[in-house]
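S.K.: Fold the following and give me the result.
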Amino acid sequence: VGTAGAGGYTVPPAFRDKLIERLKFYSAVRQEADYIQTDTGASLPWMTNNDTGNVGAILGENTAVTELDFVFGTASLDAYMYTSLLVRESLQLIQDSALDLNSFLPRKLGERIGRAQNAHFTTGTGTAQPLGIIAGGTAVAAATGNATSFTYDSLVDATARLDPAYLGGGNLAWMGSQAALASFRKLKDGHSRPLWEPSLQAGNPDNLLGYRFILNNDVPVPAANAKSLAFGDFRAGYIVRDVTGVQTMRLTERFAEFLQVGFLAFQRSGGTVQDTAAYTVLQNSAT
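M.R.: Have a look, this model is predicted:
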């Protein structure tokens with residue numbers, strides 16, 4: 001068997017019936033945000049109003065009431081065409097491969113789109129791409145000494161920045177990278193108790209200062225001046241829009257002279273911040 005001419009040619013090559021795929025988590029924002037699906041990709045405007053700075057008053061006897069009008073604004077949500085880019089496969093490979101390409105390719109092409117979307121939903125600029133939840137949030141710089149991680153005091157201050165109106169929805173959470181999570185698991189309060197609290201009940205997530213942590217590796221890692229952490233109600237603060245689901249296209253004629261078939265996936269989606277008061281973004285200090 002070990003020598004080809006002495007019988008090795010008669011032994012068929014073995015093949016492990018398993019594909020080893022390298023994985024990368026990418027869908028954090030889509031899982032947490034508000035979500036809508038529309039029939040078309042037209043710009044979707046909505047009305048806004050911020051009357052939180054206005055209060056009523058005591059009215060004296062025989063005194064005219066002062067006028068104070070409401071001020072309305074507008075915001076919009078666009079859709080962008082995402083593509084997985086093109087993959088070409090030969091007819092020979094399609095016919096002979098032990099891998100089920102008809103199920104493998106659509107799934108992997110869809111994952112490419114998911115990774116692109118999550119990056120934009122996190123740090124997108126809002127110019128020719130979605131406005132990201134980190135880029136579009138209201139950032140507050142931490143005090144000096146928080147250049148590469150956040151102290152206990154900085155985290156407590158972050159939880160106190162939200163108006164109490166957002167505290168009762170049950171959706172409050174942290175969002176940050178794996179590097180941020182690792183640093184938080186090492187933090188202790190003034191009594192040397194870890195801030196990270198492992199869950200003791202099945203189905204309940206571990207938490208930081210009583211709030212769950214959403215892992216999103218598209219959030220910048222903690223570094224000087226980096227916007228590396230967010231806290232709040234992300235469902236109230238951010239919205240994701242799909243025009244269609246992920247669709248795949250098979251190009252059987254374009255590369256026919258090469259006896260090749262092209263595959264690609266596409267999806268029209270968008271995302272934007274809808275309420276900056278619903279969450280806060282923590283920015284590391286410069287030093």
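
S.K.: got a list of what Glu185 touches?
M.R.: Slight slip there: residue 185 is Arg, not Glu. Pro194, Trp196 (C-beta atoms under 8 Å, 6 or more residues apart in numbering). Glycine gets a C-beta too; all of them are placed from N, C-alpha and C.

S.K.: ok, now with 7 Å
M.R.: By C-beta atoms under 7 Å, 6 or more residues apart in numbering, Arg185 lies in contact with Trp196.

S.K.: Thr38 and Gly168: what is the separation?
M.R.: Going from Thr38 to Gly168 by C-beta to C-beta, to the nearest Å gives 30 Å.

S.K.: Among those two, which residue is more densely surrounded?
M.R.: Per other C-beta atoms under 10 Å, whichever of Thr38 and Gly168 has more neighbours is Thr38, with 15 against 9.

S.K.: Disregarding residues adjacent in the polypeptide, which is nearest to the more buried one?
M.R.: The shortest distance from Thr38 to any non-neighbouring residue, by C-beta to C-beta, 6 or more residues apart in numbering, is to Val243 (5.7 Å).

S.K.: Tyr26: neighbouring residues, count only.
M.R.: Burial of Tyr26 is recorded as 21 neighbouring residues (other C-beta under 10 Å).

S.K.: which stretch of helix or strand covers it?
M.R.: Using DSSP states H and E, Tyr26 falls within no helix or strand.

S.K.: For the closest residue in space to Pro194 that isn't next to it in sequence, grab phi and psi.
M.R.: Nearest residue to Pro194 in three dimensions, chain neighbours excluded: Lys188, at 5.6 Å (C-beta to C-beta, 6+ apart). Lys188 adopts backbone torsions of phi -130, psi 150, taken as degrees, to the nearest 10.

S.K.: got the residue ranges for the helices in this structure?
M.R.: 28-32, 91-96, 101-123, 152-159, 178-184, 234-237 (DSSP state H).

S.K.: out of these, deepest packed?
M.R.: Highest mean neighbour count of the helices of the chain: helix 234-237, a mean of 22 (counted as mean count of other C-beta atoms under 10 Å).

S.K.: Need the contact partners of it.
M.R.: Against helix 234-237 from outside (C-beta under 7 Å, 6+ apart): 32-34, 133, 166, 169, 171, 173, 175, 273-276, 278-279.

S.K.: where does this protein dip in pLDDT?
M.R.: Along the chain, segments meeting pLDDT under 70 span 1-2, 5-7, 9-25.

S.K.: now do 80
M.R.: The chain contains residues with pLDDT under 80 at 1-27, 102, 168-169, 189-191, 199-204.

S.K.: Looking at it, which strand is longest?
M.R.: Longest strand of the chain, by residue count under DSSP state E: strand 260-273.
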